[in-house]
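>>> Here you go, sequence then predicted model.
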Amino acid sequence: MNASRASLAIAAAVILTAPAAAQALNFDDRATGFLTAQAGGMPPDAWNGTTLGTAKRLVSALSPAPRSRALRDLQFRVMVSELRPPANDGSPAPSLFARKVERLAAMGEGENLNEMVRNAGGYNDPAIASMTANALMMAGERGAACNIVRNWELVQPFARRAVVACQLAAGENAEALAAVAPLRGSDPGLAALVQVAAGGQPPGAAPPGPLDGPAMVVLGLAHVPPPAAALRSTDPPIIRALVGQRILPIATRLEIAERGEALAIIEATRLGDLYVQAVTEGATLPPAMARRAQLVYAARNAANAQEIMRSVAAVYGDARGNPMFPTIARASAIGLLNLPAKPEYADAAQEAIRGFLLLGDKRRTEAWTKLALTAAYSNPRAMNALDRVMPLAAVAGIDNPKRLPPSEVNRWYEVMRQDDPKAAALRGNLLLELFRATGIDVPVRSTDLPETPPAGVRLVMPPAATLSALQAAAAGRRRAEASLLAALAIGETPLIELHPAAVGIIVRSLREAGEDEAARLFAIETAIAHGL
């Protein structure tokens, strides 16, 4: 089996092959999430109007790594919020809860999955307990995983593998060797690794076998690097496990962590920690990666406002227009968070506005926008620079504009054309779609913004059936359903390849369904991906 798909295949197989007795447990007769509406979750009635069969189908179809951080977070909220499930409609097993468990495991959300299963009493189901333990091991949470392994019934053959891994993790080497001895014929890969970790054999190449949680634990304890093919994986559980594998060179872990942060799998703070570690240890990195590490290190270690300003300017000046810009901006965000919106720091306003828009911090964006406008009031050069971020501020809803002066919009578009004539037409059309989708009235041909994308640009339009279902769910105020359909609409399509009209439909539909903040975050994320 392809190593990069192994953990997901094992997780799915656990549910699909679980004993019938386990499947008899019913989790869909009550709310099973842990995130309340007061703590940032969805309202309890978010599934209202959606059938149980539809909810099951949508959850099962979700991508483990949609190419939008905003929509990934939205699908996550649907699955972990304390929602009343739809009424039983006789739809086939597995349950909605079991499907959420499988998707959260596929997303690499081991700790949050464990929280949901614990609150629901889900350890009683051997299939769900097994998937939770596996996900925790992939996330590097050995203690929590082994607590489940020791205290709850699991499904085979995962149970045997997990017991051996936990024995090794506890230093019970003799017990692990005895437990793995009967598996030498059926599970030779694991047996070979245990011989290295507990039997004193020298490390070598990783033997063939599934890269599930127990394998990752034993690889780490045996100081054996994972297979080379796994290092190219985009599967969230594999990425999380690899970033935590200290046997790998830090440059390799950083490359994986950068990829994972861009996919919203690895936290920006975790990536930032690795950058700082690499600089502190004097690690040898590729030149571009070394530059990114130095930028984040400087932002993390700035001691006063002037140093923060210099580090922010360096990050934004170096990375803007680069596909890595959002990742580096998020990893160095601590500098922005420590810089107050005061007149003496107005020179950093443009960078601060862009950064806080990217972070989804509307309050700080508004404060810096007001500061920037005041500072640029009688300074044409400063106003020209500000014209690069004011369209984003309008899309984000700063001051909630309902109309924009055409002359102002045209001025913004002219700056786009000056900055990058080749990309301006597509960016302008996207901006027009975003204005209209966020409630700004821009009559047809009232501005210079193109009404259609330029010809010859490769753009992806999601399936018409998905967009139609999304619009219907939004019109029916079926909040959870619309949220999942939005994530399904983009799937793994890069944001820069999405057709602007599709982006507009998704933003408009999410706002209509009640997810205005997520809609605007997706809009900003897409705009920045396009270089706006």
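Thanks, I have the structure now.
>>> With adjacent residues omitted, what lies nearest to the residue nearest the centre of the chain?
What sits nearest the mean C-alpha location of the chain, by C-alpha atoms, centre = their mean, is Ala264, with 2.3 Å. Leaving out its chain neighbours, the residue that sits closest to Ala264 by C-beta to C-beta, 6 or more residues apart in numbering is Arg69, at 4.2 Å. Using the backbone N, CA and C atoms, a C-beta is placed for each residue, glycine as well.
>>> Check what pLDDT the residue nearest to Asp45 when sequence neighbours are not counted gets.
Leaving aside its chain neighbours, Asp45 sits nearest to Arg84 (6.4 Å; criterion: C-beta to C-beta, 6+ apart). Looking at Arg84, its pLDDT reads 94.
>>> ok, now Ala230?
Taking Ala230 on its own, its pLDDT is 90.
>>> sorry, back to before: for the residue nearest to the centre of the chain, list the residues it contacts.
Ala264 makes contact with Ala65, Arg69, Arg72, Asp73, according to C-beta atoms under 8 Å, 6 or more residues apart in numbering.
>>> what's the nearest residue to the first one if we skip its chain neighbours?
By that I understand Ala65. Leu263 (4.6 Å).
>>> Leu71 is in contact with the one you found, correct?
No - counting by C-beta atoms under 8 Å, Leu71 is not a contact partner of Leu263; they are 11.8 Å apart.
>>> more neighbours, those two?
Leu71 (30 against 23; other C-beta atoms under 10 Å).
>>> contacting residues around the residue nearest to that one when sequence neighbours are not counted?
Take Leu71 and drop its neighbours on the chain: the residue closest to it by C-beta to C-beta, 6+ apart is Ala487, 4.4 Å away. Contacts for Ala487 (C-beta under 8 Å, 6+ apart) come out as Leu62, Ser63, Pro66, Ser68, Leu71, Arg72, Leu74, Gln75.
>>> in what helix or strand does Ala487 lie?
Per DSSP states H and E, Ala487 falls inside helix 479-490.
>>> Restrict that helix to CA atoms and write it as PDB.
The C-alpha trace of helix 479-490 is given here as PDB (Å, rounded to 0.1, in the frame of the first residue of the first chain):
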ATOM      1  CA  ARG A 479     -26.200  26.300   8.100                       C
ATOM      2  CA  ALA A 480     -24.200  23.100   8.700                       C
ATOM      3  CA  GLU A 481     -25.200  21.700   5.300                       C
ATOM      4  CA  ALA A 482     -24.200  24.900   3.500                       C
ATOM      5  CA  SER A 483     -20.900  25.000   5.400                       C
ATOM      6  CA  LEU A 484     -19.900  21.500   4.300                       C
ATOM      7  CA  LEU A 485     -21.000  22.100   0.700                       C
ATOM      8  CA  ALA A 486     -18.800  25.100   0.600                       C
ATOM      9  CA  ALA A 487     -15.800  23.000   1.600                       C
ATOM     10  CA  LEU A 488     -16.800  20.300  -0.900                       C
ATOM     11  CA  ALA A 489     -17.100  22.800  -3.700                       C
ATOM     12  CA  ILE A 490     -13.400  23.700  -3.500                       C
END
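>>> Can you mark which positions in that helix are buried?
Arg479, Ala480, Glu481, Ala482, Ser483, Leu484, Leu485, Ala486, Ala487, Leu488, Ala489, Ile490 (16 or more other C-beta atoms under 10 Å).
>>> Against Val442, how distant is the last one?
When distances are taken as C-beta to C-beta, to the nearest Å, Ile490 and Val442 turn out to be 24 Å apart.
>>> and Val389, what does it touch?
By C-beta under 8 Å, 6+ apart, the neighbours of Val389 are Gln350, Ile353, Arg354, Leu357, Ala372.
>>> Please tell me which one of the contacts of Ala487 counts the most neighbours.
That'd be Leu71 among the contacts of Ala487, by other C-beta under 10 Å, with 30 neighbours.
>>> What distance do you get for it to Ile490?
6 Å.
>>> Could you do Ala469 as well?
From Ala469 to Ile490 the distance is 14 Å (C-beta to C-beta).
>>> Run through this protein and note the low-pLDDT ranges.
The model of the chain has pLDDT under 70 over residues 1-25, 318-321, 376-384.
>>> Just the buried residues of the helix ranked longest in it, please?
Determined from DSSP state H, the single longest helix within the chain is helix 421-437. With burial defined by 16+ other C-beta under 10 Å, the residues of helix 421-437 counted as buried are 423-437.
>>> With respect to Pro210, which of those is nearest?
Leu430 (42.5 Å; C-beta to C-beta).
>>> Pro453 versus the residue nearest to that closest one when sequence neighbours are not counted, what's the distance?
Nearest residue to Leu430 in three dimensions, chain neighbours excluded: Pro500, at 4.2 Å (C-beta to C-beta, 6+ apart). According to C-beta to C-beta, Pro500 and Pro453 sit 6 Å apart.
>>> so what's in contact with the two at the same time?
Shared contacts of Pro500 and Pro453, counting by C-beta under 8 Å, 6+ apart, come down to Leu426, Asn429, Leu459.
>>> okay but the first one is in contact with Pro454, surely?
What that stands for is Leu426. Yes - in this structure, Leu426 is within contact of Pro454 by C-beta under 8 Å, at 5.8 Å.
>>> Between the two, which contacts overlap?
Joint contacts of Leu426 and Pro454 (C-beta under 8 Å, 6+ apart) do not exist.
>>> tell me the angle of the helix or strand just after the helix holding Ala487 relative to helix 479-490?
Next in sequence after helix 479-490, counting helices and strands by DSSP H and E, comes helix 500-513. Using axes from the mean of the first three to the mean of the last three C-alpha atoms, to 10 degrees, one finds that helix 500-513 and helix 479-490 are set 170 degrees apart in direction.
>>> Tell me which helix or strand comes right after helix 500-513.
By DSSP H and E, the next helix or strand past helix 500-513 is helix 516-529.
>>> Tell me the helices and strands packed up against that following helix.
For helix 516-529, the packing partners by 3 or more C-beta pairs under 8 Å, 6 or more residues apart in numbering; DSSP states H and E come out as helix 69-80, helix 325-331, helix 349-359, helix 390-396, helix 421-437, helix 500-513.
>>> Tell me how far the last one lies from the chain's centre.
In terms of C-alpha atoms, centre = their mean, to the nearest Å, the centre of helix 500-513 is found 20 Å from the chain centre.
>>> and it, what does it pack onto?
helix 421-437, helix 464-475, helix 479-490, helix 516-529.
>>> Gly121: which of the ones you listed is closest?
Here helix 479-490 is closest among the helices and strands packed on helix 500-513 (C-beta to C-beta), at 22.5 Å.
>>> So which elements touch the helix or strand harbouring Ala144?
Counting by DSSP H and E, the secondary-structure element that holds Ala144 is helix 142-151. Packing partners of helix 142-151 (3+ C-beta pairs under 8 Å, 6+ apart): helix 110-120, helix 126-138, helix 158-169, helix 213-222.
>>> Nearest approach to Ile524 belongs to which of the ones you listed?
helix 110-120 (24.6 Å).
>>> Sort out which residues of the closest one are buried, please.
Buried, per 16+ other C-beta under 10 Å, within helix 110-120: Gly110, Asn112, Leu113, Asn114, Glu115, Met116, Val117, Ala120.
>>> Now do the same contact list for Ala298.
Glu307, Arg310, Ser311, Ala314.
>>> now do 6 Å
By C-beta atoms under 6 Å, 6 or more residues apart in numbering, the contact set of Ala298 is Ser311.
>>> Check which helix or strand it maps to.
Using DSSP H and E, Ala298 falls in helix 287-301.
>>> Quick check: Ala480 vs Lys100, distance?
If you go by C-beta to C-beta, the gap between Ala480 and Lys100 works out to 11 Å.
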